[in-house]
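Chemist: no sequence on this one, just coordinates:
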């Protein structure tokens with residue numbers, strides 16, 4: 001068995017080299033770029049010649065499935081451009097593929113960072129996510145944001161880590177939430193959901209309590225407070241935008 005890595009990119013010159021170095025052991029790397037204006041493609045060409053540059057963005061899930069369709073192997077490892085595969089996870093995957101996988105898909109554990117700070121509490125760790133799968137039996141949901149791998153069978157678990165350096169700072173975190181909230185609202189609207197006044201009040205408060213208290217975000221100190229507030233604000237914004245779409 002062989003394994004293909006799929007990655008989608010847009011202006012990731014500060015992170016893509018570390019990402020690609022961490023998966024250079026794979027049998028092939030398939031990369032889809034949305035017309036980066038920085039050195040992303042220049043760096044990527046050092047690691048793979050299987051690169052597609054796309055003008056039309058079709059959503060995270062759809063783009064990942066298109067990448068997987070171009071892969072020459074059935075087993076797919078999806079890694080985001082701001083993620084790196086640990087040596088532990090690499091060895092675990094290679095052993096799994098060598099011995100013959102029991103399941104159609106496997107989850108890994110992500111360590112999420114804001115800048116150089118690993119966020120352990122508030123629901124940020126362990127962040128289990130399905131990223132290794134057989135494309136004949138599983139695929140990504142084709143959503144605009146918050147896509148995930150779906151399979152009809154049982155999902156196995158791997159204990160190796162993906163280091164996820166998604167946010168450069170708290171400011172970057174809030175800017176990203178601002179970009180994601182309209183996409184989430186559009187997804188909810190397309191699925192027939194509607195927002196009511198209590199969604200704008202109760203849901204943000206519940207999310208703040210869940211992140212800061214139940215998931216012990218308070219143990220992160222200042223970061224925990226700010227992130228709980230950010231989650232509440234994101235919840236408010238996506239329902240407010242859903243209400244506007246429903247009007």
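Modeler: Perfect, thanks for sending it. None of the values given here were measured: they were computed from a predicted structure.

Chemist: where along this structure do the helices fall?
Modeler: Under the criterion DSSP state H, the chain carries helices at the ranges 16-22, 40-44, 60-70, 87-99, 170-190, 197-209, 222-246.

Chemist: closest to residue 152 out of those helices?
Modeler: helix 60-70 (16.3 Å; CB to CB). Quick note: C-beta positions are derived from backbone N, CA and C, even for glycine.

Chemist: could I get the buried residue list for that closest one?
Modeler: Judged by neighbour count using 16 or more other CB atoms under 10 Å, the buried positions of helix 60-70 are 60, 61, 62, 63, 64, 65, 66, 67, 68.

Chemist: stretch 187-194 now?
Modeler: The neighbour-count check on stretch 187-194 (16+ other CB under 10 Å) flags 187, 188, 189 as buried.

Chemist: can you list the domains in this structure?
Modeler: Domain assignment for the chain by automatic domain parsing gives 3-167, 170-246.

Chemist: just want the most central residue of the chain.
Modeler: residue 80 (6.4 Å; CA atoms, centre = their mean).

Chemist: ok so, going back, can I get the helices of the chain in TSV with distance to residue 7?
Modeler: Putting the helices of the chain into TSV (distance: least, CB to CB, whole Å) gives the following:
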stretch	distance to residue 7
helix 16-22	7
helix 40-44	8
helix 60-70	8
helix 87-99	15
helix 170-190	18
helix 197-209	31
helix 222-246	26
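
Chemist: mind putting the ones you listed into a markdown table with mean pLDDT and distance to residue 126?
Modeler: Formatted as a markdown table, the helices of the chain follow (pLDDT from 0 to 100; distance: least, CB to CB, whole Å):
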| stretch | mean pLDDT | distance to residue 126 |
| --- | --- | --- |
| helix 16-22 | 98 | 19 |
| helix 40-44 | 97 | 30 |
| helix 60-70 | 94 | 22 |
| helix 87-99 | 96 | 13 |
| helix 170-190 | 92 | 20 |
| helix 197-209 | 96 | 20 |
| helix 222-246 | 95 | 16 |
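
Chemist: out of those helices, which gets nearest to residue 156?
Modeler: Of the helices of the chain, the one closest to residue 156 (CB to CB) turns out to be helix 87-99, at 8.2 Å.
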